[in-house]
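Colleague: please find the sequence and the predicted model below.
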Amino acid sequence: MKILEAQNALLSNFEVYEFLTERQEHLGKQKQKQNRRRGPGNPETLIQELLQYFQSPPSPLSQQPVTYSADAVTQLVERLREFDLAKGELLMILNMRPQTPAQLHACVEEVESRLSEDKQSQLLDIVSEVLGHFPAEEAAEGEEMEV
């Protein structure tokens, strides 16, 4: 195998999830013929394990119904353009769906020096508006407060 263009594009967890669900449906409808080329021993198992990972908490894709969509991703990227974030930071925000300043610090490098508290709050509000609020976080926070 020869790599023609290294890191030509970055994929979000949602894009991988979407691809795998389509692939799983395709494999379910049509049994894949045995190819003589080398590859994973059982691609169905690999796909199933990855989907299980994406669908288990604390992954934002574990929320049912999934609030992510291609339109939501596009809208989020457009609305966050004003914050001058790097591609990797946008990808982290999309994958982690931060709801608190602490989670935002994990996504954006040197966030305190780059964004004021108001801007950080505005960014978190945009993420909640576009992707929805993640209720699993509220339940986890409530349990921690009771202890």
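Modeller: Cool, got the structure. The model shown is predicted, which means the values in this text are computed figures rather than measured ones. Residues are numbered from 1 along each chain as shown.
Colleague: now Glu82, what's its secondary structure?
Modeller: When classified by DSSP: H, G, I helix; E, B strand; the rest coil, Glu82 comes out as helix.
Colleague: what about Val130, distance to Glu49?
Modeller: Counting by C-beta to C-beta, to the nearest Å, the gap from Val130 to Glu49 is 29 Å. All C-beta atoms are positioned from the backbone trio N, CA, C, and that covers glycine.
Colleague: ok, the two, which is more surrounded?
Modeller: Val130 (22 against 10; other C-beta atoms under 10 Å).
Colleague: grab the nearest non-local neighbour of that one.
Modeller: Among residues not flanking Val130 along the chain, Leu76 sits closest, at 4.5 Å (C-beta to C-beta, 6 or more residues apart in numbering).
Colleague: name the element the residue most central in space within the chain belongs to?
Modeller: Per C-alpha atoms, centre = their mean, the C-alpha nearest to the average position across the chain is that of Asn95, at 2.6 Å. In this assignment (DSSP states H and E), Asn95 forms part of helix 87-96.
Colleague: what does Leu50 give?
Modeller: Using DSSP H and E, the element containing Leu50 is helix 43-54.
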